[in-house]
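1. next one to model:
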Amino acid sequence: MEAQVLDTKSVNARVKVTIHLGLETHVAEANKGLISDQLVSVKEQSMNILKDFITKHNIPNDVPDELEEVSSEDDDISPKPPVKKTKKKQ
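-> Residues are numbered from 1 along each chain as shown. All right, here's what the predicted structure looks like:
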């Protein structure tokens, strides 16, 4: 397999991505170099946009799927140790 390099003057390749995060809209784009280079550039821009959004909105890294329900009854009862099963010799 051989990669074909096209002259960027004859083909105006351009990678553009629009990212919607809540009410905010961000654009990442690249239009110079090979398509693979443009994709790498847009990926880096997108990751920076996402990092800035998370930092700005102070979204925690670990968000529990469900809230743990705590009751006072559970505190009084101590957990039972697991029952060990004995192996039978044959």
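2. what distance do you get for Glu24 to His57?
-> 9 Å (C-beta to C-beta, to the nearest Å). Where you see a C-beta, it was placed from the backbone N, CA and C, and this is true even at glycine.
3. tally of neighbours for Val17?
-> Counted with other C-beta atoms under 10 Å, the neighbours of Val17 add up to 15.
4. least confident secondary structure element in this protein?
-> helix 72-76 (a mean of 55; mean pLDDT, DSSP states H and E).
5. I'd say Asp37 and Lys43 touch.
-> No - Asp37 lies out of contact with Lys43 (C-beta atoms under 8 Å); the separation is 10.7 Å.
6. strands of this structure, start to end?
-> Under the criterion DSSP state E, the chain contains strands at 15-21, 24-30.
7. show the average pLDDT along the last one.
-> Okay, so that is strand 24-30. Averaging the model's pLDDT scores along strand 24-30 yields 94.
8. can you name the residues in contact with stretch 21-34?
-> 5, 8, 12-19, 37-39, 41-42, 45-46, 49-50, 53 (C-beta atoms under 8 Å, 6 or more residues apart in numbering).
9. now with 6 Å?
-> With C-beta atoms under 6 Å, 6 or more residues apart in numbering as the test, stretch 21-34 has contacts from 14-19, 38, 41-42, 45-46, 49, 53.
10. now those in TSV, with distance to Ala28?
-> Below are the contacts of stretch 21-34 laid out as TSV (distance: C-beta to C-beta, whole Å):
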residue	distance to Ala28
Arg14	12
Val15	8
Lys16	7
Val17	5
Thr18	8
Ile19	7
Gln38	10
Ser41	8
Val42	5
Gln45	4
Ser46	5
Ile49	6
Phe53	12
